[in-house]
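Q: Next comes the sequence, and after it the predicted model I'd like to discuss.
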Amino acid sequence: MGKARLLIVEDDVDIANMLRIYFSGQNYEVDVAHRGGLALEKTRQNLPNLIVLDIMLPDIDGFEVCRSLRTHTRTSHVPIIFLTQKDERSDKLQGLELGADDYVTKPFDIEELKLRVQRAIQRAEQQSLTDPRSGLPAGRLIEEQLRRIIRQPDWALIDIRVNDYEPFKEVYGFLAGDAVLRFMAMMLNEVLDELGTPNDFLGHPGDDNFVIITTGTAVQPILARVKVRFPEEVQAHYNFIDRENKYLTTSASDGVVRQHPLMTLSMGVVSASQHEFADIREITEIAAEARRLDAK
C-alpha cells in the first residue's frame, strides 16, 4: 500500500514546516496549504487521506473550509482534524457540528496528534469509507450514493475498469500499481472539475475498478475526455522499452512467456433515462455488463 496522504492547512510557516517534516519522517506523503482557498483547491486536485486543519486562516477560516468540503460530494468523506488556537469549547462544538472527526488544541503534543491521525485514517478504512491507495470513497459510501440516486430523475453512472492492470502490477510491483490508482483518482477528479458538477461522485470499489456518478448531460463529455487523456498519460508509468513495444511480458511458473498489451480502459454507462431500477444491485450489474461489452 502506498503512503497515506496528509494535507496540513496552517498559515504559521514554522508550525506547517514542523508538521511536514515530522509526518514525512513517519512515512506519510505530506502537502501544505497556508490559506483556506488553496486547501480547497489542493483537496479537489489530489484527495488526501486526512486533513489537519487550523481554524484561524488569513482568507477563510477553518470552519468555512470544513463546511465547503462537507457540502461537496467528492470531498465530504475526507477525515478532518481541527487545530484550535485555545481550549475553547465553542470552537470544538462548532467543528464537530460541521463534521470534523477530531480536534487538537494548540500547543499540541506531536505524538498525540500522530495517534489521532492514525486512528482517524484507520477508522475510515475499517468502516469501508475510503480506499487507502486512492483516498477515494469505497464500499459503504458508494452504496449510500447509489441509494441516493436510485429515485432521482437525472443521473448517469460510469463503470470504469483498468484493463491489464494486474499484469502491469506483476511486472512493475505493487508500489507502481498503487501509483496508477492514484493517477486514476487524480485524472478523474480533474475531468469532473472541468466537465462535471460539485455534486458529482467519484468512487473506488476496489483495485482496477472506479465509478463516476454524474448528470445525464455531462456523461458524454466526461467519457470523451477520459478516453483522450488516459491512453496518453498512462504511458508515463511504463519504461521506454515497454512503451516502444506497446506490450510487456510475464513469465508463468510453467515457464510460458506471455505478452500483455499496455493498460486501456473499458467503460460502461447506465442512466435513469434508460432504465427503472428496483434495487441498487441492478444499477451495478447493468453498468458492469455495459462495461464488459465495451471491453470486447
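A: Yep, that arrived.

Q: Against residue 42, how distant is the closest residue to residue 13 other than its chain neighbours?
A: Counting by CB to CB, 6 or more residues apart in numbering, residue 13 lies nearest to residue 34, which is 7.1 Å off, once chain neighbours are set aside. For every residue, glycine as well, the C-beta is placed using N, CA and C. In this structure, residue 34 and residue 42 are 11 Å apart, going by CB to CB, to the nearest Å.

Q: same check, this time on residue 111
A: Noted for residue 111: a distance of 26 Å to residue 42, by CB to CB.

Q: Which one's more surrounded, the two?
A: Residue environment comparison for residue 111 versus residue 42 gives the larger neighbour count to residue 42, 17 against 9, counting by other CB atoms under 10 Å.

Q: could you point out which element follows the helix or strand harbouring that one?
A: Using DSSP states H and E, the element containing residue 42 is helix 36-45. Towards the C-terminus, the helix or strand next in line after helix 36-45, according to DSSP H and E, is strand 50-54.

Q: Partner strands of that following strand, with direction?
A: Strand 50-54 pairs in its sheet with strand 5-9 (parallel), strand 80-84 (parallel), by DSSP bridges.

Q: would you turn those into TSV with mean neighbour count?
A: TSV is the format used below for the strands paired with strand 50-54 (neighbours: other CB atoms under 10 Å):
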stretch	mean neighbour count
strand 5-9	24
strand 80-84	23
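
Q: who wins for proximity to residue 184 among those?
A: Ranking the strands paired with strand 50-54 by distance to residue 184, with CB to CB as the measure, places strand 5-9 first at 14.7 Å.

Q: quick one, the closest one and helix 36-45 angle?
A: 170 degrees (axes from the mean of the first three to the mean of the last three CA atoms, to 10 degrees).

Q: So what touches the host helix or strand of residue 21?
A: Using DSSP H and E, residue 21 sits in helix 13-25. Residues lying outside helix 13-25 but in contact with it, judged by CB atoms under 8 Å, 6 or more residues apart in numbering, are 6, 8, 10, 30, 32, 34, 52, 110, 113-114, 117.

Q: repeat for stretch 58-67
A: Under the contact criterion CB under 8 Å, 6+ apart, stretch 58-67 has outside partners 9, 11, 34-37, 39-40, 53-57, 80, 82-83, 94-95, 98-100.

Q: which element follows the helix or strand of the chain with the lowest mean pLDDT toward the C-terminus?
A: For the chain, using mean pLDDT, DSSP states H and E, the weakest element among its helices and strands is helix 89-97, scoring a mean of 67. With elements assigned by DSSP H and E, the helix or strand that comes after helix 89-97 is strand 102-105.

Q: Tell me the spacing between the residue nearest the centre of the chain and residue 266.
A: When the chain is reduced to its mean C-alpha position, the nearest residue by CA atoms, centre = their mean turns out to be residue 136, at 2.9 Å. Taking CB to CB as the measure, residue 136 falls 19 Å from residue 266.

Q: swap in residue 241?
A: Counting by CB to CB, the separation of residue 241 from residue 266 is 26 Å.

Q: ok, the two, which is more surrounded?
A: Summary of the neighbour comparison: residue 241 and residue 266, criterion other CB under 10 Å, with residue 266 having more neighbours (16 against 8).

Q: Tell me if the more buried one really is in a strand.
A: Yes. Counting by DSSP: H, G, I helix; E, B strand; the rest coil, residue 266 falls inside a strand.

Q: So in the chain, which helix runs the longest?
A: Secondary structure of the chain read by DSSP state H shows that its longest helix is helix 174-195.

Q: what's in contact with it?
A: 1-2, 44-47, 74, 131, 133-136, 160, 162, 165, 168-169, 200, 202, 204, 207, 210, 212, 214, 218, 221-222, 225-226, 229-230, 233-234, 237, 263.

Q: Fine by me, we can end here.
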